[in-house]
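>>> need coordinates for the following:
(2 chains)
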Amino acid sequence: MAISMQRLTKRFGDFVALDDVSLEIRDGSLTALLGPSGSGKTTLLRIIAGLDVPDSGTVLLDDRDVTRVPPQDRGIGFVFQHYAPFKHMTVWDNVAFGLTIRHRPKDEVRRTVGDLLDLVQIAHLADRYPAQLSGGQRQRMALARALAIQPSVLLLDEPFGALDARVRKELRVWLRRLHDESHVTTVFVTHDQEEAMDVADHIVVMDVGRIEQQGTARDLYEHPANEFVMSFIGPVTRLGDAYVRPHDIEILLAPEEGSRQAVVERVVYLGFEVRVELTRDDGVRVWVQVPRDEAERLSLQQGQTISVRSRHEQVFAAA
Amino acid sequence: MTAVESTPVEATSPGAPITTTRGRAIRLTLRLVVLGYLTFILALPVFMVFWRTFEDGLEPVLRAISRPAFQSAFWMTLQITAIAVPVNTVFGILAALMLVRRRFPGRSLLNALIDLPFAISPVVIGLSLVLVYGKNGWFGEVLSDLGIQVIFAMPGMVLATMFVSLPFVVREVMPVLREIGTDQEQAAYTLGASGWRTFWRVTLPSIRWGVIYGVILTTARSLGEFGAVAIVSGKISGKTETLTTHVEERFQAFDLVGAYTASIVLACMALLVLLAMTVYQSGWLGRRIGRGHQHAASDETVR
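Alright, predicted model coming up:
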């Protein structure tokens, strides 16, 4: 189901959570709302779900105006940041909740819940209570519970935020696969750019209640619209007014056209790549990312004088 | 650059037990002080009541119990409690929901008002009820025209009991409601549950321990209320006496066994309520732990 948001504004007291935001989400897409805390991404998600009502603006689900429709009647699956499990119910009852509320026949409930628990690989935990599950298992349960009502849209609020790094990577791959199989329109909120780039096919970057830019991961990385997007998506090093990706700076042993002299301050080995911290002759401090082979070829020493040249400098108009 | 957001910090475990000799001495002293305090303030007086009651055997106790005034008082206390406790439970849950979940003008005033029965002496509460509902009170004339007698009758006694036991459920449920937050309820909404169904299937089960504890305290208070009921009931023997006022009446009539017997019946009723709740609680806990063990072996298969 396609989601269309038009001119949404939401205030909490003096705080403007959303400032005239418009956004279209394609049917069947997997979209990430990416931004720092307070950027309005969670508020936007909650407005789509009907958990918050905008002060002004409209939300359409496939051309149906749902701005004032309560969450019960939207048919949207929502996975909460801390999963919001029903603590007094077993895993089975949690997942069955949406179906028993709808008075579905017992056979159907049994079949659907069984299938979903298999899908999220926690069928053997059906009799447990949420308190007896690990974070990853709780996350899967919350997902199964949201999927049980066959939602037309699946919304996830920081779905991997509270998990450890390894489980997070696993679930990321898994969510991507689930989406590729089911094609449910999915929107998730994250503050982690790597997560957004890894999972989503469309990324919406937000800051202080506004959308800064949207597009594919590659679009955003290579053609950032402004300083905020550039520095939020991927590493960045600053050369006066210009911004450069640290891997877009060449280190040369001898001066060449367009290069400047610099002194090596520090060389840090980070596995397959090496971070070199430099001070240019004009006093600007820069850091450069070079592959390990390259660093070995140059055999950089602290205090050594070399030359640097940047390939893709970006200068943004002052905001 | 990625934005850094705070990750939830795990609760720190309490400090390790003290193991030095001095630590042990301090611990023992503290235990003795607490036990001694409980013995002299709580255990000894209760034990003495039991002792004195059965000092001359069972026969005087049975005689006291079979007296009509006692039986009337016993049933009166039961009836008052049976009305006051459910009413205050429903009101308490509603008030707690309003105070925790809603923002409305006068909220802090209502919050302060809830504590009034704790702050005011029951005797004053009794007197104020007489002022409002008594013969010369505000509603006195209207009520007597309608043929309803509140003061010196059961309605007044129920009112007085409800008044003094009002805060318990509210005050027990409020912190639990605050702790569970609204996440689970919102999850229920997104799954299609109406507000009413969400309350029965999600909210109420989540706050049940707060409610149960509130009910225990309300029941204990209702059974034991003396001051306010003494004023509004007029303590008419065999008619408007409760067990507590009956104890006083027997005591002043130098019928010590009668007074002690009524006291013990009161104490046993309160203990029964406590016991029922404990059994319910431990039964439930036992079931949960049992489930946990059953699955312990298959725990780590999926990660």
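>>> in the stretch 101-250 of chain B, where is pLDDT below threshold?
Applying pLDDT under 70 to the stretch 101-250 of chain B flags no residue at all.
>>> which residues of it fall in helices?
For the stretch 101-250 of chain B, the helices defined by DSSP state H, counting those that start in this stretch occupy B:107-114, B:116-119, B:122-133, B:140-145, B:154-164, B:167-180, B:183-190, B:195-198, B:204-224, B:227-233, B:243-252.
>>> repeat for the stretch 1-150 of chain A
With DSSP H, counting those that start in this stretch as the criterion, the stretch 1-150 of chain A has helices spanning A:41-49, A:91-101, A:106-119, A:135-147.
>>> out of those, which is closest to chain B?
helix A:91-101 (3.8 Å; C-beta to the nearest C-beta). Where C-beta positions appear, they are placed from N, C-alpha and C, glycine not excepted.
>>> keeping just the C-alphas, turn that closest one into CSV.
Once non-C-alpha atoms are left out, helix A:91-101 reads as follows in CSV (Å, rounded to 0.1, in the frame of the first residue of the first chain):
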residue,chain,number,x,y,z
VAL,A,91,4.8,-15.8,23.2
TRP,A,92,1.9,-17.7,21.5
ASP,A,93,-0.8,-15.5,23.0
ASN,A,94,1.2,-12.4,22.1
VAL,A,95,1.3,-13.4,18.5
ALA,A,96,-2.3,-14.6,18.5
PHE,A,97,-3.6,-11.3,20.0
GLY,A,98,-4.6,-9.6,16.8
LEU,A,99,-6.4,-12.6,15.6
THR,A,100,-8.3,-13.5,18.8
ILE,A,101,-9.4,-9.8,19.0
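>>> for that helix, packing partners?
Helices and strands touching helix A:91-101, as assessed by 3 or more C-beta pairs under 8 Å, 6 or more residues apart in numbering or on different chains; DSSP states H and E, comprise helix A:106-119, helix A:135-147.
>>> got the ones you listed as CSV, with mean neighbour count, distance to A:A217 and mean pLDDT columns?
Listed next are the helices and strands packed on helix A:91-101 as CSV, based on neighbours: other C-beta atoms under 10 Å in any protein chain shown; distance: least, C-beta to C-beta, whole Å; pLDDT from 0 to 100:
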stretch, mean neighbour count, distance to A:A217, mean pLDDT
helix A:106-119, 16, 27, 94
helix A:135-147, 24, 23, 92
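>>> could I get those in a markdown table, plus columns for distance to A:P85?
Shown next, in a markdown table, are these (distance: least, C-beta to C-beta, whole Å):
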| stretch | distance to A:P85 |
| --- | --- |
| helix A:106-119 | 14 |
| helix A:135-147 | 6 |
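>>> how about the contacts made by A:H247?
Counting by C-beta atoms under 8 Å, 6 or more residues apart in numbering or on different chains, A:H247 makes contact with A:V288, A:Q289, A:V290.
>>> could you measure from it over to B:P175?
From A:H247 over to B:P175 the distance is 54 Å, taken as C-beta to C-beta, to the nearest Å.
>>> then A:V263?
Separation of A:V263 from B:P175 (C-beta to C-beta): 62 Å.
>>> then A:D19?
Applying C-beta to C-beta to A:D19 and B:P175 gives a distance of 37 Å.
>>> also B:F118?
In terms of C-beta to C-beta, B:F118 sits 16 Å off from B:P175.
>>> just A:T305 next, same as before
Here the criterion is C-beta to C-beta. By it, A:T305 lies 67 Å from B:P175.
>>> cool, and A:E250?
Using C-beta to C-beta, A:E250 is found at 63 Å from B:P175.
>>> can you list phi and psi of A:P291 for me?
Backbone torsions for A:P291, taken as degrees, to the nearest 10, come to phi -60, psi 160.
>>> could you report the neighbour count for the residue in the stretch 201-303 of chain B that chain A sits nearest to?
Using C-beta to the nearest C-beta, the single residue of the stretch 201-303 of chain B nearest to chain A is B:P205, 4.4 Å away. Neighbour count of B:P205, defined by other C-beta atoms under 10 Å in any protein chain shown: 16.
>>> and if you look at A:R104?
Neighbours around A:R104, by other C-beta under 10 Å: 16.
>>> which parts of chain B belong to which domain?
Per automatic domain parsing, the domain ranges recorded for chain B read B:2-52, B:60-302.
>>> quick check: mean pLDDT across the shortest one?
If you average the pLDDT over domain B:2-52, you get 74.
>>> distance from the chain centre to stretch A:301-312, please.
In terms of C-alpha atoms, centre = their mean, to the nearest Å, the centre of stretch A:301-312 is found 34 Å from the chain centre.
>>> so which bits of that stretch are buried?
A:I306, A:S307, A:V308, A:S310 (16 or more other C-beta atoms under 10 Å in any protein chain shown).
>>> perfect, that will be all.
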